[in-house]
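J.: can you look at this prediction? I've put the sequence above it.
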Amino acid sequence: MRKAIAFGLVLCTLVCRAETGSLSILPEQWTLLTPTAKVTTDGTLLLDGMNAPTYAFYNAASYGDVSLEARYSVAKTDGVMAVGFVIASTDSESFLRVHYDRRSAILYRNTEGGAFQEIKRVGNKPQEPAKWYTAKLIRKGKTLEVFFNGAKLYDAEVPDTPGRVGFYASQTIGTIRDIRLDGTRIALAAPWRNMEEGRIHGAPKVQARAEIIWTRAICKEPDRYIGWPTVCRRKNGELLAVFSGDRQYHVCPWGKVQLVRSMDNGETWTKPVTICNTVNDDRDAGITELQNGDLLVTWFSSLCYAGNFPANAVFAKQDSERYFWQRHFEKLPRALVKEQLGYFTRRSTDGGKTWEPPVRTTGSANHGGIQLKDGRLLMIGRRWNSQGNFLPEDPAGQKTKHELTVDESTDNGRSWHQIASIHPEEDISKFHEPHLVEAADGMIVAQFRCHIDFNLRQSESKDGGKTWTPVHRLDIHGHPPHLIRLADNKLLTVYGIRDGAFGEYACISDDNGKTWDVKNQIKLAGHWCGDLGYPASAQLSDGTIITVYYQSEKNGEKPCLMATKWRVTR
C-alpha cells in the first residue's frame with residue numbers, strides 16, 4: 001500500500017490491494033441515478049432506459065487498473081438497444097464508456113456537462129433482443145482493451161484516471177448479471193458526485209448568471225412531431241408560441257404552422273390551432289407583436305420530402321413512406337405548389353383570430369424579423385437554391401443564388417423590399433437561419449448559424465441595416481440563434497447544441513453585443529440526442545424569461561414543444 005500526497009493541492013490518492021472475483025449485487029452498493037434503475041432480489045441489475053439513458057454506479061470502491069466483465073441482454077425496441085459498460089467515473093457525468101448497441105461497440109469519453117467524444121468503434125457486431133452476451137473491459141495504465149463474447153474487438157489509448165465502474169441502458173431495458181470486477185482500488189482525489197442532484201431537466205438549477213425555475217412540455221401532439229418554434233409576449237401579457245406541428249417526421253409532407261397561447265406567464269397553454277396550411281411542408285415559424293398590436297408570423301414551405309426529382313421520377317423503394325410521399329407530390333397541382341412555395345409573412349389585426357393573405361419575402365428567417373425603434377420592420381433572411389425550394393420545371397428557381405438578405409417593411413408587414421445583403425468572407429452556402437436585435441445604443445446585431453464549425457457568426461449595422469460590418473466568428477458553439485434585449489439592456493442569445501453536450505443554452509452580452517460572456521454560458525435544458533433546439537425567448541413583467549424550444553420530453557417519444565422558465569441573476 002502506498003499513499004501520495006501533493007501539498008498545495010487538495011489531493012490524496014490511496015492505492016489498496018487488488019480485488020478479484022464475482023461482484024455481489026447489494027442495493028446499498030449501487031448509486032442508481034433514476035427510479036427506472038433497480039437491483040432485483042436475485043442480484044440482477046435491471047436498467048430501464050426506454051425513456052432516457054439509465055445509469056447505475058458501483059459505489060463501494062474506485063479503481064485504477066481494472067477489469068469489468070458481465071453478461072447482459074436487451075429488450076426488443078425500435079431504438080439502438082444499447083447497454084454500456086462504464087469505468088473511470090469521477091462523477092455521474094465524467095467517465096469512459098463502451099456503448100454496446102445493436103450494431104457497434106463504441107468507446108466514448110464523457111465529460112462534465114454531458115459532452116462526449118468518440119474515441120473508437122467497431123461495427124458488424126451482433127446484438128439481438130432476449131439473447132445473452134458477455135462483454136469485458138480491461139484497462140492497464142493508459143491502454144483499454146474491449147471484448148465481446150470472448151473475442152477482443154480493439155484496444156485504445158485512454159486516460160489513466162481512476163474512478164468508479166458502472167453500467168447503463170439506452171432505448172431498451174437492459175438486464176445485467178454475473179458481474180466480475182478485478183482491479184486495484186484507488187481513493188479518488190475528490191468525492192464522487194451525483195451531478196443530477198440540484199438539476200432540472202439536465203441543467204443545474206443555480207448557475208453563475210442564472211437560476212432555472214422549471215422545465216416542462218407545453219404542447220404535445222400524440223405520435224406527431226413538433227419543431228422549430230418562436231415565442232413572443234404581447235403588451236397585454238399574453239404569450240404566443242408558433243411552430244411547425246402535426247408532422248410525421250423532421251421531413252415529411254404534412255407540416256403546418258400552429259399556434260398556442262398562455263395568459264398566465266407560461267404556466268398553462270391552450271391547445272394548438274392551425275394558422276397556415278399550404279399544400280407544401282410548412283416549417284420554421286416566427287412571430288412578433290408590432291407596436292400597434294398587430295401580429296406578424298413568418299414561415300417557409302418546402303418540397304424536401306419529395307427528394308431529388310430532376311425528371312419527376314418516383315425513385316424511392318416500392319411501398320416505402322418516401323415512395324408514397326412522392327406519389328402524393330405527383331398528384332399536387334403544379335400551379336398551386338408553386339404559388340404556395342417559398343418564404344412568407346402573414347398579419348393578424350385581431351390578436352390571431354383571423355389572418356391576412358400571405359406576403360412573400362426575399363429570404364427565409366426561421367424566427368422572423370423585429371420592429372426597430374423608428375417603426376420599420378427589419379428581417380435578415382437566407383435565400384437558398386436547395387431542391388426543396390423550387391420545382392423541377394422551374395429553371396429560374398434553380399438559378400437562385402445563395403444570399404443573406406436584409407428585407408425592410410415600412411407598412412407593418414403588408415409588403416417587403418430588400419435594402420441590403422450581407423457578404424461573409426467564408427463560404428456563404430454554409431450560412432443559415434439568421435436573427436437580429438436592436439441594442440440600446442441603436443446598433444443592430446445579427447447572428448447566423450454556420451455549418452463550417454457550428455459556431456455562431458455575427459455582424460453589426462450602425463445605419464439601420466443598410467450596411468454591415470464584416471462577419472466574424474463567435475466563441476459560441478451552437479445554432480440557430482434567437483436574440484432579445486432584456487429590460488436592463490443586456491442582450492440575450494439562445495441556441496441549441498446538437499453535438500456533444502446536447503441541450504438548450506443561453507449567453508449574455510453586457511456591452512450591446514460587442515462581447516459575449518461565453519465563460520458563464522447558461523444551460524437551460526439537457527437532452528440525449530441532437531434532434532432539438534430552435535429556442536426563442538420572451539421576458540415577462542417580473543423579469544423572468546421563458547424560453548420555448550423543441551425536443552422530446554422522454555426518450556422514445558417524438559419531439560414536442562418544451563419551455564424553460566428562468567431568470568438572469570447578474
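T.: Looks like it arrived, so ask away. Quantities reported herein were computed from a predicted structural model and do not represent experimental measurements.

J.: make it CA atoms for all contacts and neighbour counts henceforth
T.: Will do.

J.: contacting residues around the closest residue to residue 497 other than its chain neighbours?
T.: Excluding the flanking residues, the one nearest residue 497 by Cα to Cα, 6 or more residues apart in numbering is residue 478, at 4.6 Å. Residues counted as contacts of residue 478 (Cα atoms under 8 Å, 6 or more residues apart in numbering) are 449, 454-456, 495-498.

J.: quick one: residue 478 from residue 143, how far?
T.: 33 Å (Cα to Cα, to the nearest Å).

J.: got it, and residue 42?
T.: Distance of residue 42 to residue 143, computed by Cα to Cα: 34 Å.

J.: ok, which pair from the contacts of residue 478 is furthest apart?
T.: Within the contacts of residue 478, 456 and 498 form the most distant pair, 13.1 Å apart (Cα to Cα).

J.: where does the stretch 351-500 of the chain have low pLDDT?
T.: Where the stretch 351-500 of the chain drops to pLDDT under 70, the residues are 385-390, 392-393, 395-399.

J.: ugh, wrong one, the stretch 201-350 of the chain
T.: Checking the stretch 201-350 of the chain against pLDDT under 70 turns up 308-316.

J.: ranges for the strands of it?
T.: Secondary structure of the stretch 201-350 of the chain (DSSP state E, counting those that start in this stretch): strands at 203-204, 210-219, 225-233, 239-247, 256-262, 273-276, 281-289, 295-302, 343-348.

J.: could you verify my assumption that residue 71 touches residue 147?
T.: No. Between residue 71 and residue 147 there is no contact under Cα atoms under 8 Å: 11.9 Å.

J.: overlap of the contact sets of those two?
T.: Joint contacts of residue 71 and residue 147 (Cα under 8 Å, 6+ apart) are residue 135.

J.: what's the single longest strand in this protein?
T.: Across the chain, the longest stretch assigned as strand under DSSP state E is strand 173-186.

J.: how about that strand: buried residues?
T.: Buried residues in strand 173-186, counted by 16 or more other Cα atoms under 10 Å: 173-186.

J.: wait, what's in contact with residue 361?
T.: Counting by Cα under 8 Å, 6+ apart, residue 361 makes contact with 343-345, 407, 416-417.

J.: now those: which count as buried?
T.: Judged by 16+ other Cα under 10 Å, buried ones among the contacts of residue 361: 343-345, 407, 416.

J.: reformat those residues into a markdown table and put distance to residue 32 next to each item.
T.: A markdown table is the format used below for these (distance: Cα to Cα, whole Å):
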| residue | distance to residue 32 |
| --- | --- |
| 343 | 49 |
| 344 | 50 |
| 345 | 50 |
| 407 | 54 |
| 416 | 57 |
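
J.: now do the same end-to-end measure for stretch 496-512.
T.: Stretch 496-512 has an end-to-end distance of 22 Å (Cα to Cα).

J.: so residue 391 makes contact with residue 338?
T.: Yes. Look at residue 391 against residue 338 with Cα under 8 Å: they come within range, at 7.2 Å.

J.: show me which of those two is the more surrounded one.
T.: Between residue 391 and residue 338, residue 391 has the larger neighbour count (other Cα atoms under 10 Å), namely 19 against 15.

J.: any figure for the gap between that one and residue 303?
T.: To residue 303, residue 391 is 8 Å away according to Cα to Cα.

J.: what of residue 495?
T.: To residue 303, residue 495 is 26 Å away according to Cα to Cα.

J.: could you do residue 513 as well?
T.: From residue 513 across to residue 303, the span is 36 Å (Cα to Cα).

J.: columns distance to residue 65 on top of the strands of the stretch 201-350 of the chain, output as TSV?
T.: Shown next, in TSV, are the strands of the stretch 201-350 of the chain (distance: least, Cα to Cα, whole Å):
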stretch	distance to residue 65
strand 203-204	32
strand 210-219	39
strand 225-233	46
strand 239-247	50
strand 256-262	55
strand 273-276	59
strand 281-289	51
strand 295-302	55
strand 343-348	59
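
J.: which among these is found nearest to residue 487?
T.: Between the strands of the stretch 201-350 of the chain, strand 225-233 lies closest to residue 487; by Cα to Cα that is 13.2 Å.

J.: how far off strand 295-302 does that closest one point, in degrees?
T.: 160 degrees (axes from the mean of the first three to the mean of the last three Cα atoms, to 10 degrees).

J.: tell me which strands strand 225-233 pairs with, and in which orientation.
T.: Taking DSSP bridges as the criterion, strand 225-233 forms sheet pairs with strand 239-247 (antiparallel).

J.: with respect to residue 50, which of the buried residues of strand 173-186 is nearest?
T.: Closest approach between the buried residues of strand 173-186 and residue 50, by Cα to Cα: residue 173, at 6.5 Å.

J.: look up the closest residue to the closest one, ignoring the ones flanking it.
T.: Residue 173 sits nearest to residue 48 (Cα to Cα, 6+ apart), 4.3 Å away.

J.: the one you found and residue 75: what is the separation?
T.: For residue 48 relative to residue 75 (Cα to Cα), the value is 9 Å.

J.: one more: residue 466?
T.: In terms of Cα to Cα, residue 466 sits 59 Å off from residue 75.

J.: picking that back up, which of the strands of the stretch 201-350 of the chain sits closest to residue 537?
T.: Nearest of those to residue 537, taken as Cα to Cα: strand 225-233 at 6.2 Å.

J.: give me the contact list for that closest one.
T.: Defining contact as Cα under 8 Å, 6+ apart, one finds that strand 225-233 is touched by 220, 239-250, 283-289, 366-367, 533-540, 547-551, 558-561.

J.: ok, of these, which come out buried?
T.: 220, 239-247, 249-250, 283-289, 366-367, 533-540, 547-551, 558-561.

J.: just to revisit the earlier point, quick one: contacts for the residue nearest to residue 173?
T.: Counting by Cα under 8 Å, 6+ apart, residue 48 has contacts 36-37, 54, 169-170, 172-174.

J.: outline the domain layout of this protein.
T.: What automatic domain parsing lists as the domains of the chain is 19-186, 199-527.

J.: need the ones you listed in a markdown table with distance to residue 192, can you?
T.: Output for the domains of the chain, formatted as a markdown table (distance: least, Cα to Cα, whole Å):
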| stretch | distance to residue 192 |
| --- | --- |
| domain 19-186 | 5 |
| domain 199-527 | 16 |
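
J.: if you drop the residues flanking it in sequence, what lies closest to residue 51?
T.: residue 555 (3.8 Å).

J.: surely the one you found touches residue 78?
T.: No. Taking Cα under 8 Å as the definition, residue 555 is not a contact partner of residue 78, at 11.6 Å.

J.: about what we covered before: residue 71 and residue 147: which is more packed in?
T.: Higher neighbour count among residue 71 and residue 147: residue 147, with 19 against 16, using other Cα under 10 Å.

J.: what's the helix or strand where that one lies in contact with?
T.: Assessed by DSSP states H and E, residue 147 sits inside strand 143-148. By Cα under 8 Å, 6+ apart, the residues outside strand 143-148 that reach it are 98, 133-139, 152-158.

J.: average pLDDT for it, rounded please.
T.: Averaged across strand 143-148, pLDDT comes to 98.

J.: just the CA trace of it, in CSV.
T.: Output of strand 143-148 as CSV, limited to C-alpha atoms (Å, rounded to 0.1, in the frame of the first residue of the first chain):
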residue,chain,number,x,y,z
THR,A,143,-4.5,1.1,-22.6
LEU,A,144,-8.1,-0.1,-22.7
GLU,A,145,-9.0,-3.5,-24.3
VAL,A,146,-12.6,-4.1,-25.4
PHE,A,147,-14.0,-7.6,-25.6
PHE,A,148,-17.3,-9.0,-26.8
